[in-house]
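Undergrad: quick one, structure for this:
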Amino acid sequence: MRYDGGNARQPLAVKLLALGAAITVCPEIMAGFATPREPAEIQGGTGADVLTGRARVVTRSGRDVTAAYLAAAQRVLAIAQKQRVTVAYLKQKSPACGTREVYDGSFTGQRIAGSGVTAALLRQHGIQVFGDEALTPAHVARFLPETTVRLLAKQNLAAGLQ
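TA: Numbering: from 1, shown residues only. Reported below is the predicted structural model:
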């Protein structure tokens, strides 16, 4: 679910969950934020800068929510490590999950190159991070056991895997 209450569901992700080949997490929900919620953006840099204390995450109304984003990123990392996650597909542009770009903190729709807080922390710990646009059968097949790939193909969700 998106911050504004919209739907970000991916059919392939649903199938991977059903096969036990994926888990889902939402750092913002884990931080205790409601859905829908006021938008938040990183001010002063990117997620990597938040991790080092050089930037912060704030809501449109100016409330500093950096501590909540940092705590949630740590929770996601702990889950990923416990589950031996090696690859993560995350929602682009999010201050938590953006993998290539995030909003610049001006709440004007402008974006800058960089990752969100959780994406940056996962990368620092050796987890490969991709945006949700890469969540395609051809892309995920590189990281799945052959038996799972065959199950996906059998379900007609893996067009292009052969």
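Undergrad: pull the helix or strand with minimum mean pLDDT from this protein.
TA: Sorting the helices and strands of the chain by mean pLDDT, DSSP states H and E puts helix 146-154 at the bottom, at a mean of 85.
Undergrad: who are the packing partners of that helix?
TA: Secondary-structure packing of helix 146-154 (3 or more C-beta pairs under 8 Å, 6 or more residues apart in numbering; DSSP states H and E): helix 11-18. The C-beta positions use only the backbone N, C-alpha and C, and glycine is treated the same way.
Undergrad: contacting residues around the helix or strand following the helix it packs on?
TA: Sequence-wise, the next helix or strand downstream of helix 11-18 (DSSP states H and E) is helix 27-30. Contacts with helix 27-30, where a contact means C-beta atoms under 8 Å, 6 or more residues apart in numbering, come from 3, 35, 37, 40, 69, 72-73, 75-76, 94, 96-97, 117-118.
Undergrad: quick one: which of the residues you listed sit in strands?
TA: residue 40 (DSSP state E).
Undergrad: can you put the contacts of helix 27-30 in JSON lines and add pLDDT, neighbour count and distance to residue 27?
TA: Below are these laid out as JSON lines (pLDDT from 0 to 100; neighbours: other C-beta atoms under 10 Å; distance: C-beta to C-beta, whole Å):
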{"residue": "3", "pLDDT": "55", "neighbour count": "21", "distance to residue 27": "11"}
{"residue": "35", "pLDDT": "86", "neighbour count": "13", "distance to residue 27": "13"}
{"residue": "37", "pLDDT": "90", "neighbour count": "16", "distance to residue 27": "12"}
{"residue": "40", "pLDDT": "97", "neighbour count": "28", "distance to residue 27": "11"}
{"residue": "69", "pLDDT": "98", "neighbour count": "27", "distance to residue 27": "7"}
{"residue": "72", "pLDDT": "97", "neighbour count": "24", "distance to residue 27": "4"}
{"residue": "73", "pLDDT": "98", "neighbour count": "26", "distance to residue 27": "6"}
{"residue": "75", "pLDDT": "97", "neighbour count": "15", "distance to residue 27": "7"}
{"residue": "76", "pLDDT": "98", "neighbour count": "26", "distance to residue 27": "5"}
{"residue": "94", "pLDDT": "92", "neighbour count": "29", "distance to residue 27": "8"}
{"residue": "96", "pLDDT": "97", "neighbour count": "33", "distance to residue 27": "4"}
{"residue": "97", "pLDDT": "96", "neighbour count": "28", "distance to residue 27": "7"}
{"residue": "117", "pLDDT": "98", "neighbour count": "32", "distance to residue 27": "7"}
{"residue": "118", "pLDDT": "98", "neighbour count": "34", "distance to residue 27": "5"}
